[in-house]
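Visitor: after the sequence you'll find the predicted model.
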Amino acid sequence: MSGVNEVNKRIIGQFREQGGLVGGLFEGKHLLLLHTVGRRTGQPRINPLVYAADGASFLVCGSARGADKDPAWVSNVAAMTEVTIEVGVRTLRVAPTVVRPASPEWERLYGIWSAYWPDSMEYETKTSRRFPMVKLEPAAPAEASGSSARADGDGS
């Protein structure tokens, strides 16, 4: 687990130093930093996640790269009514909704995310688990002046 934490620390540092831009596997992709609180530990957590836009909402997926269990951040988000995300140079408060495969909305949301992040097809081959989607809807205007809460990154 410490290896993942070290990689995440490097990604978070690069994200913040470069105004939300990250190289390597994530180069050219939308990335956000999801801030949660551990539901058992009470400790603050930050997870860098690829997102796809759905109007003004941000979609992230609990794929865990095809692991057999949902990542811990999904349960943390499910226990919270509001979380904070960093997107580019903006910090937003968002209302999370965990959308499970049994939901009628899941197919549409997963389709948007998997079209944006084709690696999801490889993740699907590693497990029989269907990945939960998390819809993050802006709860308040962006804190940075002149910025928009749109998830598509175009600022309009």
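Guide: Noted; the coordinates are in hand.

Visitor: name the SS class of the nearest residue to residue 87 once chain neighbours are set aside, please.
Guide: Computed as C-beta to C-beta, 6 or more residues apart in numbering, the closest residue to residue 87 that is not its neighbour in sequence is residue 32, at 4.8 Å. No exception for glycine: its C-beta is placed from N, CA and C like everyone else's. When classified by DSSP: H, G, I helix; E, B strand; the rest coil, residue 32 comes out as strand.

Visitor: all further residue positions should be reported with the first residue as 32.
Guide: Sure thing, new numbering starts at 32, so read that last one as residue 63.

Visitor: next, count neighbours for residue 63.
Guide: The tally of other residues near residue 63 (other C-beta atoms under 10 Å) stands at 23.

Visitor: my read: it touches residue 114, true?
Guide: No: using C-beta atoms under 8 Å, residue 63 is not in contact with residue 114; the gap is 10.6 Å.

Visitor: now do the shared contacts for the two.
Guide: Overlap of the contact sets of residue 63 and residue 114 (by C-beta atoms under 8 Å, 6 or more residues apart in numbering) consists of residue 167.

Visitor: got the buried residues for the strand ranked longest in the chain?
Guide: Counting residues, the longest strand found in the chain (DSSP state E) is strand 121-130. Residues of strand 121-130 classed as buried: 121, 123-125, 127-130 (neighbour count, 16 or more other C-beta atoms under 10 Å).

Visitor: go on, stretch 141-160?
Guide: For stretch 141-160, the neighbour count (16+ other C-beta under 10 Å) marks 141, 143-145, 147-148, 151, 154, 160 as buried.

Visitor: need the worst-confidence member of those residues.
Guide: When the buried residues of stretch 141-160 are sorted by pLDDT, the bottom entry is residue 151 at 84.

Visitor: report the separation between residue 124 and residue 118.
Guide: 12 Å (C-beta to C-beta, to the nearest Å).

Visitor: and the nearest residue to residue 170 once chain neighbours are set aside, what are its bridge partners?
Guide: In this structure, residue 170 finds its nearest non-sequential neighbour in residue 124, 4.4 Å apart by C-beta to C-beta, 6+ apart. Per DSSP bridges, the residues bridged to residue 124 are residue 115.

Visitor: who are the contact partners of residue 124?
Guide: 113-115, 169-171.
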